[in-house]
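> Provide a 3D model corresponding to the input given below.
(chains A and B)
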Amino acid sequence: MLITLPAESQKSAHIRIALNGEHVDVSFAPYKTLLEILREDLSHTGTKHGCELGECGACAVLLEGKPVLSCLVLGVECDSRNILTVEGLGLEGHLHPLQDAFADLGAAQCGYCTPAILVTAKSLLDEHPQATRDQIRAALSGVLCRCTGYLQIFEAVEAAMVKIAEQNAAAK
Amino acid sequence: MMRLPLFEFRSPRTLEEAVRILDGQGPSTMPLAGGTDLLPNMKRRQQVPRTLMSLRHVESLRHVQLSDSGSRLGACLTLTDIAEDPRFRNGMTALAQASALVATPHIRNMATLGGNLCLDTRCNYYDQNYEWRKAINFCLKKDGNTCWVATGSSKCVAVSSTDTAPALIALGARVRLFSRSGEREVALADLYNNDGINYIKRRPDEILAEVLLDPLHGWKSTYWKLRRRGSFDFPVLSVAAAARFSTQGVVEDARIVVGSAASRPLVAGEASKSLLGRSLNPESIAEAAALAARIAKPLDNTDFDMTWRKRVTAEFVTYALRELRGNDMHVERESVTRHPLPQS
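Prediction:
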């Protein structure tokens, strides 16, 4: 018996992306956003699904190193592009200094905004290894956190900055 | 999960190919640039195009050309490209500030200049999900017959919510529109209609490809935006002001534009004219502020009280003109904006 799936569930679009440094081929329903593909077709549920309208920032990922909202990026526009999600932040068994600092300093409470804040902060520190408090505030202003009041988050980013500088100095 | 409706996807490589795709399709084929306005609207079923045409691979839409004889900005420059580029200062400061004040860093990394110029108008009764709008039997702008803001109105009064248009109108910008049948150049001030539905004169088969600016030697400009949250929100009232001064500080030319007070940006012609030949002193500034506030007639269809928004118009014109004459306005800035802004 031939079963015809409704058009909206047919995985008729295909892309190859570099997800957290690995090449991944994925087939998906062509109306899907990057957020839906990450969570539903690639089982990368670290990236959170919030307002879906670009108002909360919970779905932030890095696209070619820059923070964007994955709920407003079409999957069909992602072919051949580099995507970093929170899953790609640390190495196996080793937290990224940002993750370490967030855990140490209570910068994550309910944790829902944390993946978005972590990748956004990573992009900031990649570009500005010595970011000021104002730069941190501005960079993170697009991700809403309703638990922490942000202060622990800013402090954790600053602590991570010191840790990264120390690691870099030790590696030299 | 609010899913996007089904659509056919096209991704042309050149402007010629893009205008061929749009040709004869009407509004059912829509250009997609950053997607930060269109995709939420599609999820809420405010716009349901049959075909989306991405402009991402059209390289020619991302150029910047700045020269002594004028400037040309590709419509697909992102707002981050503009806000962070120190070349967009001096005369163009208002544009850099307006770009920096749109939404959030994430959205500015995606959203484009052309997209912000073509931004859909907004209203409390329109920017809601499908079920919410259905519960009030929809509204005039989409699927309904009644304007819930002004129930006697036969015209939609949704608000122009673009930040970059008031700034660029104050700078005297023009835009180039391309279609298969040719191209035309339109003064940005003439691109908009005061109608929340037919708010833009861009035809569905046209692509807004480029913003053109005359040389801005001797001009100074600034942009002030009112919004609920200091970090990110759509404008609910804004003022862009630009002026060219003589060496003695006399205003030789001036343009004041009021945004988010109607379905289109409003050029405050009388207020601008009142400054000509005068220096910016408390009297001339107060006169211009009062004249500009007279044309702002905000309605009760967005955030904040409408009478207060009208009062803020005069305040913002005052701030803008004081800033243009060289006053330090950082205290007033910080009271309405939480993050440092590009300065001239």
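> can you pull the buried residues of stretch A:114-131?
A:114-125, A:131 (16 or more other CB atoms under 10 Å in any protein chain shown). (Glycine included, C-beta is placed from N, CA and C.)
> May I ask you to confirm that B:Asn194 is in contact with B:Val267?
No: in this structure B:Asn194 lies outside contact range of B:Val267 using CB atoms under 8 Å: 11.6 Å.
> quick one on the thing from earlier: in strands, which of the buried residues of stretch A:114-131 appear?
Within those, no residue falls in strands by DSSP state E.
> contacts with chain B among the residues you listed, please.
When CB under 8 Å from any CB of the partner chain is applied, the members of the buried residues of stretch A:114-131 adjacent to chain B are A:Thr120.
> rewinding a little: more crowded one of B:Asn194 and B:Val267?
Between B:Asn194 and B:Val267, B:Val267 has the larger neighbour count (other CB atoms under 10 Å in any protein chain shown), namely 20 against 14.
> got a list of contacts for the strand or helix carrying A:Glu36?
Per DSSP states H and E: A:Glu36 is located in helix A:34-36. Helix A:34-36 is contacted from outside by A:28, A:47, A:49, A:52, A:59, A:61, A:63, A:70-71, A:73-75, A:78, A:83, B:1, B:3, using CB atoms under 8 Å, 6 or more residues apart in numbering or on different chains.
> Distance from it to the middle of the chain?
11 Å (CA atoms, centre = their mean, to the nearest Å).
> After it, heading C-terminal, what element do we hit next?
Counting by DSSP H and E, what follows helix A:34-36 is strand A:60-63.
> That next one and chain B, are they touching?
Yes: on the criterion CB under 8 Å from any CB, strand A:60-63 is in touch with chain B at A:Ala60.
> Within the sheet, what are the partner strands of that strand, with directions?
Sheet pairing of strand A:60-63 (DSSP bridges) gives strand A:66-69 (antiparallel), strand A:82-84 (antiparallel).
> Now find how far off-centre stretch B:158-166 is within its chain.
Distance, stretch centre to chain centre, for stretch B:158-166: 4 Å (CA atoms, centre = their mean).
> That one near chain A at all?
No: using CB under 8 Å from any CB, stretch B:158-166 never reaches chain A; the gap is at least 13.8 Å.
> With just CA atoms, put that stretch into CSV.
What follows is stretch B:158-166, C-alpha atoms only, in CSV (Å, rounded to 0.1, in the frame of the first residue of the first chain):
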residue,chain,number,x,y,z
ALA,B,158,-1.0,51.0,11.2
VAL,B,159,2.2,52.7,12.1
SER,B,160,5.4,53.1,10.1
SER,B,161,8.0,51.5,12.3
THR,B,162,11.2,51.9,10.3
ASP,B,163,14.1,53.6,12.0
THR,B,164,16.4,54.0,9.0
ALA,B,165,13.8,55.7,6.8
PRO,B,166,13.4,58.9,8.9
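> Pick the most buried one from the strands paired with strand A:60-63.
Between the strands paired with strand A:60-63, strand A:66-69 has the highest mean count of neighbours, a mean of 27, where neighbours are mean count of other CB atoms under 10 Å in any protein chain shown.
> Excluding chain neighbours, what is closest to the residue of the stretch 1-150 of chain B found nearest chain A?
Going by CB to the nearest CB, chain A is nearest to B:Thr104 of the stretch 1-150 of chain B, at 2.7 Å. Excluding the flanking residues, the one nearest B:Thr104 by CB to CB, 6 or more residues apart in numbering or on different chains is A:Gly142, at 2.7 Å.
> Flag every residue of the stretch 1-150 of chain B that's near chain A.
Counting by CB under 8 Å from any CB, the residues of the stretch 1-150 of chain B near chain A are B:1-7, B:9, B:11, B:32, B:34-36, B:39-40, B:43-44, B:52, B:54, B:56, B:80, B:103-107, B:109-110.
> how does chain A divide into domains?
Domain segmentation of chain A under automatic domain parsing yields A:8-88, A:97-171.
> In the chain, mark out all the helices, start to finish.
All of this refers to chain A. In chain A, the helices defined using DSSP state H lie at A:34-36, A:97-104, A:114-127, A:133-140, A:151-171.
> should've been chain B
Going by DSSP H, chain B shows helices at B:15-22, B:38-43, B:79-83, B:93-100, B:105-110, B:113-117, B:130-135, B:164-170, B:269-274, B:282-295, B:306-324, B:330-336.
> Need these in TSV (columns: mean pLDDT and distance to B:Glu183).
Formatted as TSV, the helices of chain B follow (pLDDT from 0 to 100; distance: least, CB to CB, whole Å):
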stretch	mean pLDDT	distance to B:Glu183
helix B:15-22	98	9
helix B:38-43	98	23
helix B:79-83	98	23
helix B:93-100	98	23
helix B:105-110	98	27
helix B:113-117	98	15
helix B:130-135	96	37
helix B:164-170	98	19
helix B:269-274	98	28
helix B:282-295	98	32
helix B:306-324	96	34
helix B:330-336	91	39
